[in-house]
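Peer 1: Quick check, what structure comes out for this input:
(one chain, ligands or ions: 2)
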Amino acid sequence: MKKPKLLWLQSISCNGDAHSFFNHPDFFSILSNFELIHHPLLDTNHNFDELLAMELECDILLLDGSFRERGFSKGGIEVFALIEHYAKKAKWIVTVGTCATFGGVFKEADPENISGFCFDKEEKTSRYDTYASKLISLSGCPIHPKWLSYVLIMLLKKKKIPLDEFHRPQELYATTVHQGCTRNEYFEWKIDAENFGLKEGCLFYEQGCQAPYTHGSCNKILWNDVSSKTVSGIPCFGCTEPTFPKTGLFKTKTNMGIPAKVPLGISKRAYFTATGVVKSFRIKRFEKRLIDYDN
Ligand code: SF4
Ligand code: SF4
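Peer 2: Residues are numbered from 1 along each chain as shown. Ligands and ions are numbered 1, 2, ... in the order given. The predicted structure is shown next:
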């Protein structure tokens, strides 16, 4: 069987997504299913000049980094022109990371001129209609390596990938990051962690955890097969959403004890009622440290 041709093109990027994918435990085995045409950090059979000559073929185009239409060039060629050329040739376009998908952190440097490839935060860019039929978005800062391998293998096997409104695979982004967190019991009983890194407590109120508003499967498909931010005691920053990067992190704003923004899909009334009930109970088990290191 002919291997699909894979092309990784980079625009304004920190290399974080490429490095994150390198951490995939099956990195070489996954890549062995593809012919890697070009990668910004790996040796391939085609050099950069051949890429710039725009003569290479590609089946799957992986885009990494934020876009600006003018004023960002490599080898004397506007990177954007290079990307548009290969985007037209490719059967599939996968935006790898929040920068390529929504604009991400680099958009902050020049919000008027920098965006994602097909989305500018929540808005569609002028390119959306041209590429929507072959677009798959993988937001995350950086990308979860197994989310990318999921998409590559599904494309290789010619399987359908159901997508959400931003073209993110539902298999990976249908739930919030809150689902599967080991701290859910503390969330239910409104017991908060007093600091980062503790084993006990939820990080929602006192540490501003964004997971109840954030789509992703960080607590379903663990990072490095081991853990996640919230499991290890660091609040989620909401990096898969078009609104990333956010300000005002590390504390959830409340109004009379109710968060100004309640978890996705829950009415304020329902949240207020449930919170009122659970806060009227004291659960002794949650008052103790889980592990007594002093004895
Ligand atoms: S999405 Fe995050 S990891 Fe990827 S290029 Fe942007 S800043 Fe770097
Ligand atoms: S720490 Fe975050 S993800 Fe975990 S239960 Fe609390 S709000 Fe949910």
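Peer 1: Enumerate every residue touching the nearest residue to F166 once chain neighbours are set aside.
Peer 2: In space, not counting the residues next to it along the chain, F166 is nearest to S137; the distance is 5.3 Å by C-beta to C-beta, 6 or more residues apart in numbering. All C-beta atoms are positioned from the backbone trio N, CA, C, and that covers glycine. Residues counted as contacts of S137 (C-beta atoms under 8 Å, 6 or more residues apart in numbering) are V94, T95, T101, C118, F119, L163, F166, H167, R168.
Peer 1: How about the residues of the chain by ligand 1?
Peer 2: Residues of the chain found near ligand 1 (C-beta under 6 Å from any ligand atom) are S13, C14, G16, D17, G65, G97, T98, C99, G104, V105, C141, P142.
Peer 1: Next, give phi and psi for the fourth one.
Peer 2: Backbone geometry at D17, expressed as degrees, to the nearest 10, gives phi -70, psi -40.
Peer 1: Next: the second one.
Peer 2: According to degrees, to the nearest 10, the main-chain angles of C14 amount to phi -100, psi 0.
Peer 1: With A87 as the reference, measure out to it.
Peer 2: As defined by C-beta to C-beta, to the nearest Å, C14 lies at a distance of 22 Å from A87.
Peer 1: Those two: who's more crowded?
Peer 2: Comparing C14 with A87 by other C-beta atoms under 10 Å, the one with more neighbours is A87, at 20 against 17.
Peer 1: any idea what that one is structurally, helix, strand or coil?
Peer 2: Three-state assignment for A87 (DSSP: H, G, I helix; E, B strand; the rest coil): helix.
Peer 1: what residues are up against it?
Peer 2: A87 makes contacts with L61, L63, I93, F117, Y131, as judged by C-beta under 8 Å, 6+ apart.
Peer 1: sorry, back to before: okay, now the sheet partners of the helix or strand harbouring the residue nearest to F166, with direction.
Peer 2: Element membership for S137 (DSSP states H and E) is strand 135-138. Sheet partners assigned to strand 135-138 using DSSP bridges are listed as strand 92-96 (parallel).
Peer 1: Quick check: buried residues in the partner strand?
Peer 2: Applying a neighbour-count criterion of 16 or more other C-beta atoms under 10 Å, the buried positions in strand 92-96 are W92, I93, V94, T95, V96.
Peer 1: Ligand 2 contacts on the stretch 101-250 of the chain?
Peer 2: Residues of the stretch 101-250 of the chain found near ligand 2, taking C-beta under 6 Å from any ligand atom as the criterion, are 177-178, 181, 183-184, 187, 202-204, 209, 211-212, 230, 236.
Peer 1: neighbours of the nearest residue to I291 once chain neighbours are set aside, just the number please.
Peer 2: Once its chain neighbours are removed from consideration, I291 has its nearest residue in K199; the separation is 6.6 Å (C-beta to C-beta, 6+ apart). The number of residues packed around K199, counting by other C-beta under 10 Å, is 13.
Peer 1: So K199 sits against Y293, correct?
Peer 2: No - counting by C-beta atoms under 8 Å, K199 sits too far from Y293 to count as a contact (10.4 Å).
Peer 1: For the stretch 1-150 of the chain, just list every one of the helices.
Peer 2: 16-22, 27-31, 48-52, 79-89, 98-102, 104-107, 128-131, 145-156 (DSSP state H, counting those that start in this stretch).
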